[in-house]
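In: Provide a 3D model corresponding to the input given below.
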Amino acid sequence: MTSGHTLGALLRRARAGGYAVPAFNVVDEATMAAVLDTAAAMGSPVVVQTSARTAAFWGATALRAVFEARRASSGVAAVLHLDHCADAGQVLDCVRAGWESALFDASDRPFVEAVAATRRVVVEAARYGAEIEGEFERIAAIGEAPPSGATSSFERSREFVSATGVACLSPDLGTRHGCYDADPQIRLELARRLAASVPVVLHGGSGLSAPALAGAVAAGVSKINFSSAVKSEYLATVRDVAGSAGEPLDLPRALRARVGAVCGTYIRRSGSQGRQA
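Out: Alright, predicted model coming up:
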């Protein structure tokens, strides 16, 4: 890594400073530019992350090259992160290509297997200077049936962190992937207790109100994921602009502007504006 930034360091700084680092899922160079340019303009640290599908489509090395060039020109404190990947091989391909971090999603395994698999990925990733976000219970999408079994306890979460050495944890805090019409009940007490010993990640940030996100930050959440809001704005922009564009660059210009506006909203709600280190 060439930036000197790590995921864990960004999140620990956020926790100490009383804000969260926003993490935006990008799908191409236009959305990556929107995230980094907006973060630069607003003085915010940021996590640029992609789905496993996006990483496979563009290639880990190609995405890394684009990210490094745009991060260097923007001057933003940013890391490149692989989101929700259950394939240890793909995680390691990304960290070998220089990605700073990844979420190794072991939620499809029994707890003991999840711990063992995550620990192996943590150890291997560390050889390349990369860090791992951990998840051992599935965080569902809005409209899906709740995952089977009880939600995580503080004790089980703490056991997972201690046994695996993950840099941060994604517990089930009651949120779901997708865009909300109304705020869910967030498990703030669990976040508060966990945040005393490990950086806590909130998934499913899209559509959460400013008060809901402020409450999560106050409870100790130090990374908040925003994916659906970015993707929804991307598709809406394509529908609105593509048919009337005068020349091809009109579309990526519109994508950068409109996705950037979405990022600005959630940077403010995360409390990270002006927190650039």
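In: what about the strands in the protein?
Out: 21-25, 46-50, 78-85, 101-105, 131-135, 168-169, 200-202, 221-226 (DSSP state E).
In: Select, out of the ones you listed, the one closest to Leu213.
Out: Each of the strands of the chain has some distance to Leu213 by CB to CB; the shortest is strand 221-226, at 6.6 Å. Heads up, the C-betas are built off the backbone N, CA and C, glycines and all.
In: can you pull out the helices in the chain?
Out: Along the chain, counting by DSSP state H, helices occupy 7-17, 29-42, 52-58, 60-74, 88-96, 111-126, 154-164, 188-195, 210-218, 228-241, 250-270.
In: just those: most buried one?
Out: Burial of the helices of the chain is given as mean neighbour count (mean count of other CB atoms under 10 Å); helix 29-42 ranks first at a mean of 23.
In: any idea how far Arg253 is from the residue located most distally from the centre of the chain?
Out: Here the chain reaches farthest from its C-alpha mean at Gly246, the gap being 34.7 Å by CA atoms, centre = their mean. Distance, Gly246 to Arg253, by CB to CB, to the nearest Å: 11 Å.
In: Show me where this protein dips below the pLDDT cut-off.
Out: 1-4, 140-152, 176-178, 181-182, 277 (pLDDT under 70).
In: Beta-bridge partners for Val21, please?
Out: In this structure, Val21 bridges to Lys223 when assessed by DSSP bridges.
In: Dump the strands of the chain to CSV, plus mean neighbour count and distance to Ile267.
Out: Shown next, in CSV, are these (neighbours: other CB atoms under 10 Å; distance: least, CB to CB, whole Å):
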stretch, mean neighbour count, distance to Ile267
strand 21-25, 28, 5
strand 46-50, 27, 8
strand 78-85, 25, 12
strand 101-105, 27, 20
strand 131-135, 26, 20
strand 168-169, 24, 19
strand 200-202, 28, 15
strand 221-226, 28, 10
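In: Nearest to Arg258 among those strands would be which one?
Out: strand 21-25 (13.4 Å).
In: OK, contacts around Val121?
Out: With contact taken as CB atoms under 8 Å, 6 or more residues apart in numbering, Val121 is in contact with 88, 91-92, 104, 132.
In: which residue sits closest to it, ignoring its sequence neighbours?
Out: Using CB to CB, 6 or more residues apart in numbering and skipping the chain neighbours, the partner closest in space to Val121 is Phe104 (4.6 Å).
In: close enough to count as contact, Glu137 and Gly174?
Out: No - taking contacts as CB atoms under 8 Å, Glu137 lies outside contact range of Gly174: 11.9 Å.
In: more neighbours, these two?
Out: Ranked by neighbour count (other CB atoms under 10 Å), Glu137 and Gly174 place Glu137 first, with 21 against 17.
In: Tell me how far that one lies from Gly165.
Out: Per CB to CB, Glu137 is found 18 Å from Gly165.
In: Equivalent analysis for Glu233, please.
Out: 36 Å.
In: ditto for Ser206
Out: In terms of CB to CB, Ser206 sits 30 Å off from Gly165.
In: Also Leu249?
Out: 46 Å.
In: Which one of these two is surrounded by more residues?
Out: Neighbour tally, Leu249 and Gly165, criterion other CB under 10 Å: the higher count belongs to Gly165, 14 against 9.
In: Just give the closest residue to that one, not the sequence neighbours.
Out: Counting by CB to CB, 6+ apart, Gly165 lies nearest to Val122, which is 4.8 Å off, once chain neighbours are set aside.
In: OK, contacts around that neighbour?
Out: 104, 132, 134, 164-166.
In: distance between the ends of stretch 82-94?
Out: 8 Å (CA to CA, to the nearest Å).
In: again with stretch 163-172
Out: End-to-end distance of stretch 163-172 (CA to CA): 19 Å.
In: which residues touch it?
Out: Applying CB under 8 Å, 6+ apart, the contact partners of stretch 163-172 are 6-8, 11, 101, 103, 115, 118-119, 122-123, 131-135, 137-139, 147, 151-152, 157, 160-161, 187, 190-191, 194, 198-201, 203, 222-223.
In: and that stretch, how far from the chain's centre?
Out: The chain centroid and the centroid of stretch 163-172 are separated by 14 Å under CA atoms, centre = their mean, to the nearest Å.
In: and if you look at stretch 123-138?
Out: Stretch 123-138 sits 14 Å away from the centroid of its parent chain (CA atoms, centre = their mean).
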